[in-house]
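A.B. asks: here's a sequence, model it:
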Amino acid sequence: MFHFIEKQVSQAFHAHIHARYGIDLAAGIEQPRQSDFGEMAVPAAFQLAKQLRQPPRKIAAEVAGEIGPIPGVAAMEVAGNGYINLRLDRGAYGAALLRGESPDDSGGAGGKIIVEHTNINPNKAAHIGHLRNATLGDTFVRMLRARGEEVEVQNYIDNTGVQVADVVVGFLLEGKKPEDMRALIADPSVRFDYYCWDLYARISAQYTERPELTEWRSRTLHAIEADEGEMAEMARLVAEAVVEAHLATMLRLDVEYDVLPRESEILHLKFWASAFEQLKERRAIYLEAEGKNTGCWVMPGLSEEGKVIVRSDGTVTYVGKDIAYQLWKFGLLGKNFYYRPFKTYADGRVLWVTTATPDASACGQSRGFGRGARVYNVIDARQSYLQDVVVAGLRALGYDQQADRSVHFSYEMVALSPRCCAELGIPLSDEDRKRPYVEVSGRKGLGVKADDLIDSLISKALEEVASRHPEASPEEQKQVATQIAIGALRYFLLKYTRNSVIAFDLQEALSFEGETGPYVQYAAVRARNILRKLEDRGERLPDFAAELDEAAMARQLQAEDFWQVLLAASKADSAVERAVTAGEPAHLAKYAFQLAQAFNNFYHQYPILQEQDREKRVFLLWVTDFFRRQLERTASILGIRIPAYM
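C.D. replies: The predicted structure is shown next:
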């Protein structure tokens with residue numbers, strides 16, 4: 001509701017300024033510095049002052065005096081040197097919220113948005129850094145969908161890359177054959193993705209000690225890309241088993257996808273070959289004839305030496321395949337994948353995976369994937385240069401509009417606090433114990449596997465839940481503890497802006513106090529408990545619409561604290577809009593925390609069920625229910641579930 005009125009105000013000012021002064025100005029809305037100044041502030045007069053060569057206050061007085069009534073706005077006044085402060089009609093506002101009016105028509109008109117996230121190399125278990133990627137991407141998807149956008153979620157699987165080749169080399173050094181790997185995968189006592197984690201760390205260390213192994217890696221990579229022989233079969237086994245493990249890990253965080261585009265099909269369906277021909281035709285790349293890049297196809301202009309797209313041995317760097325993939329996302333390649341079902345989620349939705357062969361039973365190429373109007377790639381900030389290469393590739397091919405709509409949704413790394421390392425049993429040197437955070441490295445085998453971290457969080461939450469609710473069944477305790485743990489993890493990964501390095505800390509994440517997921521969950525549980533206590537007394541929720549008309553709302557909302565509480569709770573859509581515009585899920589996490597704070601203050605200040613005045617009691621119960629719904633909705637967009645109790 002608040003967001004809808006914001007848009008109405010902005011549109012009204014835009015139209016009036018254009019008609020009055022002939023200036024096309026996007027009228028922004030700000031939050032007044034103090035709540036007693038009103039609910040919105042329009043700084044348009046300051047923007048107009050230079051063009052009109054008049055004092056801002058004079059312009060503001062003209063605009064405020066001439067613009068006329070705006071629905072939902074009760075008063076307008078000029079403040080300071082030229083701000084126009086607006087006060088809302090409190091009674092009408094409260095009544096509209098009570099009626100459940102949501103006239104917001106934002107989003108959905110700009111075409112399909114593709115968000116690619118998670119994209120973990122399928123060579124070992126996921127780690128905590130991957131959880132930040134998936135949580136950011138999934139929350140951004142939820143935010144976009146909350147504002148009415150059509151979103152397609154892709155999880156790119158690099159199943160022909162160097163990392164998979166390294167693990168295959170590791171298995172070859174162990175003397176294993178495909179049948180041995182199948183037995184490992186089928187063995188319930190073996191976590192195959194964990195096995196690969198250790199194997200990858202061992203083989204990575206051996207490359208330094210045994211340089212001849214790089215030849216093994218090169219041969220393996222060629223075999224995988226050509227999809228020929230035993231090594232290619234071993235790579236398929238590794239990638240498919242590890243992808244299954246990754247999907248199971250992400251599902252623990254309620255992260256789901258629509259399609260899994262695989263790098264193998266980029267190659268086998270000649271996506272790269274098509275992109276390669278386009279790049280050569282447009283002279284976007286050239287064959288280097290001298291220097292260390294002799295024999296390589298290079299894209300110029302991004303550095304002094306340019307960026308190698310195809311190596312001298314003919315293998316494609318993954319940025320080359322990324323260019324082809326980006327072209328497909330926008331529907332610019334003239335090619336499509338075939339698809340087959342990979343798994344079915346609990347709600348019946350099918351997750352599709354690409355394949356190189358048509359399957360009539362799976363509808364072949366008829367799936368409507370790709371052809372996005374905008375594309376967001378959720379990728380580590382350390383990959384910024386390579387993402388720049390992808391965009392440069394689009395521009396070099398003449399696709400400037402699509403290049404402008406290609407967004408690198410970057411984020412910084414996740415490290416661990418020394419305290420967290422100690423709790424997880426990770427050995428540290430004396431020097432590391434003094435650091436503010438400890439970096440992790442999958443290549444070195446140093447770090448915490450995502451599932452181990454989740455299990456640790458659930459275990460600690462379960463201790464607290466069991467001590468507070470010993471009467472509950474073990475199954476119920478485990479469910480509540482899991483919801484608290486996942487809420488704690490997701491909130492911790494979201495509350496920092498994307499350009500912040502995170503030092504994850506178990507104790508801080510699980511705290512019921514401060515800016516944490518459990519704090520937000522606890523506020524929602526409190527609101528539920530008030531309503532449940534009412535039912536325990538044998539009472540029903542009042543018929544709010546029958547008892548709270550606009551006049552009653554106006555009477556109750558004369559109290560400034562009631563008005564500020566309701567105003568805060570009604571800004572969820574506005575918070576989502578601002579978070580999407582800024583590309584910062586952290587803004588929505590902050591709003592959820594502030595909303596929880598506002599409710600907790602409201603809860604402590606007003607003994608709702610003891611209130612004797614009928615109208616005020618009904619109003620307080622309605623505010624409690626409205627708070628609960630807004631908290632639950634905001635938490636849901638953050639991917640946080642509200643447990644039955646805390």
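A.B. asks: where in the stretch 351-500 of the chain is pLDDT low?
C.D. replies: Applying pLDDT under 70 to the stretch 351-500 of the chain picks out residues 359-366, 440-447.
A.B. asks: hey, where'd the strands end up in it?
C.D. replies: 374-380, 406-411, 414-416 (DSSP state E, counting those that start in this stretch).
A.B. asks: deepest of the ones you listed, which one?
C.D. replies: Of all the strands of the stretch 351-500 of the chain, strand 414-416 has the most neighbours on average by mean count of other CB atoms under 10 Å, namely a mean of 24. Bear in mind the C-beta positions are built from the backbone N, C-alpha and C, glycine included.
A.B. asks: contacts for it, please.
C.D. replies: Contacts with strand 414-416, where a contact means CB atoms under 8 Å, 6 or more residues apart in numbering, come from 128-129, 131-132, 424, 426, 437-440, 447-448, 493, 501-505.
A.B. asks: would you turn the strands of the stretch 351-500 of the chain into CSV with distance to Leu237?
C.D. replies: Compiled in CSV, these are given as follows (distance: least, CB to CB, whole Å):
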stretch, distance to Leu237
strand 374-380, 27
strand 406-411, 31
strand 414-416, 29
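A.B. asks: avg pLDDT for the strand or helix carrying Phe140?
C.D. replies: Here Phe140 sits within helix 128-146, counting by DSSP states H and E. When pLDDT is averaged over helix 128-146, the result is 96.
A.B. asks: neighbours of Glu615, how many?
C.D. replies: For Glu615, the count of nearby residues is 13 (other CB atoms under 10 Å).
A.B. asks: gap between it and Leu609?
C.D. replies: Glu615 sits 15 Å away from Leu609, going by CB to CB, to the nearest Å.
A.B. asks: just the buried residues of the contacts of strand 414-416.
C.D. replies: Buried members of these, scored by 16 or more other CB atoms under 10 Å, are 128-129, 131-132, 424, 426, 437-440, 447-448, 493, 502-505.
A.B. asks: just the CA coordinates for stretch 588-600, please, in CSV.
C.D. replies: Output in CSV follows, covering the C-alpha atoms of stretch 588-600 (Å, rounded to 0.1, in the frame of the first residue of the first chain):
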residue,chain,number,x,y,z
LEU,A,588,15.3,-6.5,2.8
ALA,A,589,17.0,-8.4,5.6
LYS,A,590,17.5,-5.1,7.4
TYR,A,591,13.8,-4.3,6.9
ALA,A,592,12.8,-7.6,8.4
PHE,A,593,15.0,-7.0,11.4
GLN,A,594,13.5,-3.5,11.9
LEU,A,595,10.0,-4.8,11.5
ALA,A,596,10.7,-7.5,14.2
GLN,A,597,12.1,-4.7,16.5
ALA,A,598,9.0,-2.6,16.0
PHE,A,599,6.8,-5.5,16.9
ASN,A,600,8.8,-6.5,19.9
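A.B. asks: ok, and what's touching that stretch?
C.D. replies: Residues outside stretch 588-600 that contact it (CB under 8 Å, 6+ apart): 139, 143, 491, 494-495, 515, 519-520, 522-524, 526-527, 564-565, 568-569, 571-572, 575-576, 579, 627, 630-631, 634-635, 637-638, 640.
A.B. asks: sort out for me which of the residues you listed are in helices.
C.D. replies: Under the assignment DSSP state H, the contacts of stretch 588-600 contribute 139, 143, 491, 494, 519-520, 522-524, 526-527, 564-565, 568-569, 572, 575-576, 579, 627, 630-631, 634-635, 637 to helices.
A.B. asks: noted, bye for now.
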